[in-house]
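Trainee: Everything below, folded, please.
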Amino acid sequence: MALKIIFMGTPNFAVPILKSLYESKHKILEVYTQPPTKKNRGLKIQNSPIHEFSKKLNIPVRHPISFKNNDEIEHIKKINPDIVIVVAYGKILPEVLLKIDKTLFINIHASLLPKWRGAAPIQRSIMNMDYESGISIMKIIHKLDSGPVLLQSKIKIGQDTTYEELSKKMSNLGSKLILDAVKLIEEKKAVFLEQNESEASYANKIEKTECKINWNKNANEVIAKINALNSNLGSWFEINGNRVKIIQAKEIKNKKGKPGTLLDENFTIACLNNAVQILKLKKEGKQETTAEEFMRGTKIKIGQSFV
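Mentor: Sure, this is the predicted structure:
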């Protein structure tokens, strides 16, 4: 029997999961996403990736500012979905919504819960140098990411894995796992297991103040931060008073110097332990460039300090 589904999501991460559900036998009644944003000083309206993808599939889209308006909750009651599937929606659902009779609310979360509950699980797992993470599918309760878990699937994190790479892998994994979850729910075989609260950790939102590189850290920690932030806020340092964002770098072992000092013409910078060679970077307001191109066009010298 085909189930009736409401899908709630916003970023690119959610797109493969919606696509997988759309191509299954189940019925996507509606999609909820964040409201459009204004770009270019308000001259251009930009829809979320999920909004644009839903339009291509001719799925009705709703983007309420909040669920404080009871009309929105009554609307969901009226169309009577079997499941509401939430993937990086960007809004916390109110308890009154979660209590709608005969509707199951489930969430796809990008970590192996109870580890890394919260807003930035992929970034935090890379920054923490975890060797694995994964996808969890859980029942939504009022407490953030604390509901009982239906399914989990693991994924390895390599030393050079970036946020962009891991996000794509997790999204594809989620697109497969959600079909297994829906099948269990459809066949009334779903078993939700409570999380172990004593093992819970939290992936707080990445703050801008965290993005500055601290060269007094070990090189592997610096690389982990660069990889974790490579496609959103970005990790940065200053050269001659100008902020420079690091796009790609690698650890150079057995190379020492005073932390923050340029060691050679290959753009290798000393850390507390070992060093980091910058491969790609970007000045504010400029295009991404290779380290070689950057050094040709910038006045820097070996021995210069970036602390």
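Trainee: Residue 283 reaches residue 246, doesn't it?
Mentor: No. Applying Cβ atoms under 8 Å, one finds residue 283 not in contact with residue 246, separated by 11.3 Å. From N, CA and C alone the C-beta is placed, and that goes for glycine too.
Trainee: So for these two, which residue has more residues nearby?
Mentor: Shown here are residue 283 and residue 246; by other Cβ atoms under 10 Å, residue 246 has more neighbours (26 against 17).
Trainee: Regarding that one, what is its secondary structure?
Mentor: strand (DSSP: H, G, I helix; E, B strand; the rest coil).
Trainee: Which residues are in contact with it?
Mentor: 213, 226, 234, 235, 236, 237, 278, 280, 281 (Cβ atoms under 8 Å, 6 or more residues apart in numbering).
Trainee: residue ranges of the helices in this structure, please?
Mentor: 15-22, 49-56, 70-79, 95-98, 121-127, 163-186, 219-228, 291-296 (DSSP state H).
Trainee: Export those to TSV and append columns for distance to residue 140 and mean pLDDT.
Mentor: Output for the helices of the chain, formatted as TSV (distance: least, Cβ to Cβ, whole Å; pLDDT from 0 to 100):
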stretch	distance to residue 140	mean pLDDT
helix 15-22	15	98
helix 49-56	18	98
helix 70-79	14	94
helix 95-98	6	95
helix 121-127	16	98
helix 163-186	13	98
helix 219-228	26	97
helix 291-296	45	92
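Trainee: In CSV, list the ones you listed along with distance to residue 250 and mean neighbour count.
Mentor: Formatted as CSV, the helices of the chain follow (distance: least, Cβ to Cβ, whole Å; neighbours: other Cβ atoms under 10 Å):
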stretch, distance to residue 250, mean neighbour count
helix 15-22, 29, 20
helix 49-56, 31, 18
helix 70-79, 49, 13
helix 95-98, 46, 14
helix 121-127, 15, 25
helix 163-186, 15, 19
helix 219-228, 7, 24
helix 291-296, 11, 15
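Trainee: Make CSV from the ones you listed and add distance to residue 194 to it.
Mentor: Converted to CSV, these look like this (distance: least, Cβ to Cβ, whole Å):
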stretch, distance to residue 194
helix 15-22, 24
helix 49-56, 30
helix 70-79, 26
helix 95-98, 17
helix 121-127, 19
helix 163-186, 17
helix 219-228, 30
helix 291-296, 49
